[in-house]
Structure formats: C-alpha cells, structure tokens
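>>> Dropping the sequence and predicted coords here.
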Amino acid sequence: MGEWLVDAEVLARSRFVLSPLIETVATLRTLTAHPGPLTAHPGPLTAHPGPLTAHPGPLTVHPGPRGGHPAPPEAFRARLLADPFVRAWAAAGIGVHWTPDFLSRPPRHDTSTFAGELARVRATPAPEARTDLATACGGRLPRALDVPDPAGRAADLLDRVWQGVVRPDWPRRSRMLEADVIGRVHRLSRHGWAATVADLGPRTRWLGNGRFRINGADRPARDLTGADLVFVPVGGPDGWVAWDLPERYAVIYPASGTALAGGGRPAPAAPQPVPDPLGGCLPGLRGAVTPGTAPRGVVAPPTDTRSAGGAPPCEARHRTPRPDPRRPERHPLARLLGTNRATLLALLDPPKSTSQLAALTGLGLGSVGGHLKVLLDAALVTRRRAGASVLYHRTPVADALLGAQGTPRTADG
C-alpha cells in the first residue's frame, strides 16, 4: 500500500486530530522497541504497512523544569517487562515492523477520549485481534501472546502505559502536538498540500493527480473515495498508517519540535547542542510537565488542493531552542531585547499561543505572557483570536529586525 488515491472531496474533509490512544501506542512502541537506554534511538523503526520512519538520530526524553513527573521510563519499563505477556510482545517486535490494526484505529470523533478509544480496542473480537497480532509477529503468534482475550490484554497494557507515562504528561504533550498542527495548517495556507505532507515521513509525497504516496511499500494503490482521512501527530520518533476499513484512514506522523517518546523523566542524558534561531547554540528542547487529563480539540485545514513544490528540510523545525542563561549576550538581538524575548520572537513563525510557547521553551506561562506584553507594546507582535486560542504573530517590524540581524528564518518563513 505505497499510494492512496485521494480525490478533492476526501482532501476537503481531511483533518488534523489529536488522539491520546495513538499517542499511548507510540509511547508503547518506544518502550518495547528499545533494547537499551531510552536516551538513544536504536535505528529506523519501519512502519505499518511499510516504512514511514522519520527523524533518525538521538531520541532524548526531556524532563521539564517543574514537578509532576511520572516514574522514569527505565523503571516503568522494567516493571512492564516483568509481565510475560509484555516480554513476549517486545520480543516479537510488535509495532516495530507492523502495528496491529485494532490497536490504533483512526479516531471517530474530533474530541475522542482515551477511555472511549480504549473501549474500541477492548471490544475487538478475539479472532480478529489474534489475526492482527500474528501478522505483526510475521505470521505466527507466539504462545505467550495466544491468550483467550488478546484484545483485552492489549487494552490492559495500553491502559498501564497511559496511566503510568502519558496521562501525567498529556497537557504538555497536547500543547506540543497542537503547535505542530498549527504550523502545518499555516504551511498549508501558504504553500499547499504538497509542502504540508512532504515531511510527514521520508517517503511521503503528494505526487499530484490525487496520488498520495504514504510509504515505500510495493503494493497496489488504494482508492479512498468516500472515506475520511485524518492526520494524527505523535511525540515519538516514528510514524505509521492506520485504518478502520472501509471508511476511515489515518496518517500517524512524528510531530516536529518534539522529543516526547517514552514520556516522563529518563536517566540523565546530556542535551544535544543544536542551532538556534538567534545564531548561537542552545541546548535541546525541555518542556514543562504538569498534571492534567483530557486533550483539546482538532484543527481543520483549509480545503486547498493546489500542488506546490517540495517543502524545505524539516530539520529546521525539529529542534526548538530555549533561552540559555549561560550565554545571554551571544547574539546582538538578545542583547537588545533580552534572550527570552528574542527567542520567543524567533519562535513566532508560524504564530503560536502562550501555552505553546511555554511548552516549547520551558518558561512559565506568566513569564511568557509578560514577555509577550512587552513585545506587544513595542509593536513587534500582534495577537489574533483563532477559535478558542489567541495566537501571537510577528509584525513586519519584527521580521525586518530579525532579517537585519541575519537571523535564519524557520522552515515556513
């Protein structure tokens, strides 16, 4: 299934959706796929039903600067693997080469809850779940996984990962995922669908004439006429495709600007130095972790079906800088505005909300709001309401100021 045939009607109905269940599946994939510490990516994880991998390189789970951490992933994984069912699951590589269909069906509603999505997993008939698991295991189901109620056991496993890792971190994760969606909708409005889907995975491309390549699998194209298509960002390093045949399909992709897989606080790892938009070198992203529950909603993209050229390299948006108190005067703009304000200004392409900026930088909401107020008074930013959110935009004056300082623009600039 290397290509999907997507007509204008399907594209017009397509949406970006957050799914707490699919985020949990992505976390489980990371917990069970990595034989070593969770601070290193073991290599490309191929997707379902073919490779849809993305963002190789270091996989670091960054703790936030404030409290509310769940148990470290290494300790949680050790407890998880004490269960023979989970050990067999990990040994079989479930989710590494193929994700069973019943685990990550596309959300049916815009505001799906974890409990509602998990109930669908648990309700899967045993023969169907057993067949899906056998396919994910390469055709033969290991004895330890051949249980009377495989869907129920899988649902119990997902619930453990949700309660132990994902749910305490969901407010931060959802803000990060929403920031990715807003960025993609912004790109869609400016550059069209081809640029928007170009970096969902290394092989995803809008080929034109209604042809959407989802991976490199050599299979006949599937016609999605009359079906619904959703795009679901996750915080892990890999993506895959999912479906609820015949009427619903999903492309699950790694959100840009995130390093969430594994959740919680890992064993300490040195952050990787990455280029920052102020021209210096700042540590990797560190988001805040705060307790919470339900996700917020969905963003529907404009129904723009025009083609466009290839998107700029997505690496420019994969790693987002945070203010570095050790180097407050590394860039002239930082000396003029202060490092925090200069960093926030550089991050406002595409526009973002206060909570998204807080998640991306690790600064408190109050601190971000105070800095934005100063930038607003200086006519460097404006604010506009977009649905339930208020988004901050750079003004032409700010763009000129950044350009004059030789600041690199982001991928959407």
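Cool, got the structure. This is a predicted model, so every value here is computed, not measured.
>>> Do you have the strands of the protein handy? List them.
3-5, 15-16, 205-208, 211-213, 222-223, 228-234, 240-244, 248-254, 274-275, 281-282, 381-386, 389-394 (DSSP state E).
>>> Name the residues of stretch 218-226 that are buried.
Buried residues in stretch 218-226, counted by 16 or more other C-beta atoms under 10 Å: 222, 224. Backbone N, C-alpha and C define where each C-beta goes, glycine included.
>>> now swap in stretch 12-32 and tell me
14-32.
>>> quick one on the thing from earlier: please identify which of the strands of the chain is closest to residue 181.
Residue 181 lies closest to strand 15-16 among the strands of the chain, at 4.4 Å (C-beta to C-beta).
>>> So what's the model's average confidence on that closest one?
On average, the pLDDT along strand 15-16 is 92.
>>> And stretch 396-403, by the same measure?
86.
>>> OK, contacts around the closest residue in space to residue 356 that isn't next to it in sequence?
Nearest residue to residue 356, sequence neighbours excluded (C-beta to C-beta, 6 or more residues apart in numbering): residue 179, at 4.2 Å. Applying C-beta atoms under 8 Å, 6 or more residues apart in numbering, we find residue 179 in contact with 255, 257, 352, 356, 359-360.
>>> Compile the residues you listed into a markdown table and extend it with columns for distance to residue 187, pLDDT and neighbour count.
Output for those, formatted as a markdown table (distance: C-beta to C-beta, whole Å; pLDDT from 0 to 100; neighbours: other C-beta atoms under 10 Å):
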| residue | distance to residue 187 | pLDDT | neighbour count |
| --- | --- | --- | --- |
| 255 | 13 | 89 | 28 |
| 257 | 13 | 55 | 21 |
| 352 | 14 | 86 | 26 |
| 356 | 16 | 81 | 24 |
| 359 | 19 | 77 | 31 |
| 360 | 17 | 78 | 25 |
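>>> low-confidence ranges in this structure?
Scanning the chain with the threshold set as pLDDT under 70 gives 1, 34-73, 110-111, 257-331, 387-388, 404-413.
>>> for it, what's the longest helix?
Assignment by DSSP state H gives helix 167-191 as the longest helix of the chain.
>>> Can you list the buried residues in that helix?
167-188, 191.
>>> Equivalent analysis for stretch 155-167, please.
Buried residues in stretch 155-167 (16+ other C-beta under 10 Å): 155-162, 164-167.
>>> got it, and stretch 135-153?
Taking 16+ other C-beta under 10 Å as the criterion, stretch 135-153 shows 135-137, 141, 145, 147, 150-153 as buried.
>>> Name the nearest of those residues relative to residue 338.
Closest to residue 338, out of all of the buried residues of stretch 135-153 and judged by C-beta to C-beta, is residue 136, at 51.2 Å.
>>> I figured the closest one hits residue 97, correct?
Yes - using C-beta atoms under 8 Å, residue 136 makes contact with residue 97 at a distance of 7.2 Å.
>>> I'd like the distance between residue 340 and residue 32.
Using C-beta to C-beta, to the nearest Å, residue 340 is found at 39 Å from residue 32.
>>> Reformat the buried residues of stretch 135-153 as TSV; add distance to residue 115.
Listed next are the buried residues of stretch 135-153 as TSV, based on distance: C-beta to C-beta, whole Å:
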residue	distance to residue 115
135	27
136	24
137	28
141	28
145	25
147	23
150	20
151	16
152	15
153	18
